[in-house]
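J.: Following is a predicted model, sequence given first.
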Amino acid sequence: MESGLRFSAADLAQTRFAVSPMWEVVTSFRLLSRHPDTTGTSPHRRWAAQVRPRLVRAGLDRGWLAALVPAHGYLADFLNPTPTGPFPTLDAELDAIRRTPPDQVRDDLRRLAVEGGDGPRRRLLHEAPEAALRKVADEIDTYWELALAPYWARIQKLLEADVFHRARQVAEHGSARVLSELHETVRWDDGTLRLVRRHCALTRDQGGSGLLLIPSAFAWPKVLTRSVHPDPPQLAYPARGIGTLWEPRTTAATDAVAAVLGRSRTLLLTELDTPASTTQLATHCGLSAAGVSQHLIALRNAGLVTAHRSGRSVLYARTAVADQLLNP
């Protein structure tokens, strides 16, 4: 199957890149909703092994996202509102979701029903979309804290690097070459962007003018599309460098950082290559829980770690600033 998106000069002029937190929400949730055995060869298997138990404990594997993002096939388009700029925040996208017109919600639910039946949450969305959308947004916020916020500095760096690389390629080689190199199933042919072997067609009559190109960490290995008139079509594609996203970061500057921060705090930062709780850090580093807690407060005040609630515990994660310190 092949579909094509025709481009006028105006469409090319309105083609842009954006990093979307909500695309990472829906694609990562879809990955987690599949059977664990199917993620064995995924570049995200290390992340999934850490996050899936949190998801189950919080009951999010059977909540609103589960009703709207099935493991395969169509997912609700209203979960991916059009980004208003290149780097929208999650809060901005959640506000757009809450403001989704009821007619669009019901159209998306009809498409979901064709592939996956009904359910109590879908029925509530159909009957009282405004109230239900607030609950959807609240659950997404919870999911974000559990699954993505502790890792966002690393994911965001990957996505932004992809945007900057392709923007440079556009300047050096033109849009046609960049569009042809997005994915093996995407090619530029005589003024048309063609998608080969796609379940959902991407055509100009389904969407507005222009095109939004969304690099994604979790869309791998496929591309995903959204076409909702009058919004510009969206194409989410796997970002460059996904294969190394979860590899442990080297810490070449450990001694230099330790001379400033001290050995214990530097040790904690190196351990936070993977988000961890105070108890886990105390065990791994051979420090007391009270001592770890004091060090983490200082590191957090300095902008070197962030804290994210996961049930009864708190996960600490290294920030991009800390990454830069350890890996200059």
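T.: Thanks, I have it.
J.: need the strands for the protein, in chain order.
T.: Per DSSP state E, the chain carries strands over the ranges 2-6, 15-17, 186-189, 192-196, 211-216, 224-226, 234-238, 305-310, 313-318.
J.: wait, which of those strands is closest to Ser28?
T.: Nearest of the strands of the chain to Ser28, taken as C-beta to C-beta: strand 211-216 at 9.1 Å. From N, CA and C alone the C-beta is placed, and that goes for glycine too.
J.: The closest one pairs with which strands?
T.: strand 15-17 (parallel), strand 234-238 (parallel) (DSSP bridges).
J.: Now that strand: buried residues?
T.: 211-216 (16 or more other C-beta atoms under 10 Å).
J.: Let me see the mean pLDDT of that strand.
T.: Mean pLDDT, computed over strand 211-216, is 93.
J.: now the angle between strand 192-196 and it, please.
T.: For strand 211-216 against strand 192-196, the angle by axes from the mean of the first three to the mean of the last three C-alpha atoms, to 10 degrees is 40 degrees.
J.: contact partners of strand 211-216?
T.: Strand 211-216 is contacted from outside by 5, 7, 11, 14-20, 23-24, 27, 82-83, 158-159, 162-163, 166, 182, 193, 224, 232-240, using C-beta atoms under 8 Å, 6 or more residues apart in numbering.
J.: out of those, which are buried?
T.: Buried among those (16+ other C-beta under 10 Å): 5, 7, 11, 15, 17-20, 23-24, 27, 82-83, 158-159, 162-163, 166, 182, 193, 224, 232-239.
J.: Out of the strands paired with strand 211-216, which is closest to Ser42?
T.: For Ser42, the closest of these is strand 234-238, at 11.7 Å, according to C-beta to C-beta.
J.: Using CSV, write down the CA coordinates of the closest one.
T.: The C-alpha trace of strand 234-238 is given here as CSV (Å, rounded to 0.1, in the frame of the first residue of the first chain):
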residue,chain,number,x,y,z
GLN,A,234,1.9,15.3,11.2
LEU,A,235,4.6,12.6,10.5
ALA,A,236,6.3,11.1,13.5
TYR,A,237,9.5,9.3,12.6
PRO,A,238,12.3,7.6,14.5
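J.: Show residues contacting that strand.
T.: The contact list for strand 234-238, computed with C-beta under 8 Å, 6+ apart, reads 20, 23, 27, 80, 82, 182-183, 186, 193, 202, 211-217, 219-227.
J.: Could you rerun that using 7 Å?
T.: 23, 80, 182-183, 202, 211-216, 219-221, 223-226 (C-beta atoms under 7 Å, 6 or more residues apart in numbering).
J.: Leu245 contacts Arg45, doesn't it?
T.: No. With contacts counted by C-beta atoms under 7 Å, Leu245 stays clear of Arg45, the gap being 11.4 Å.
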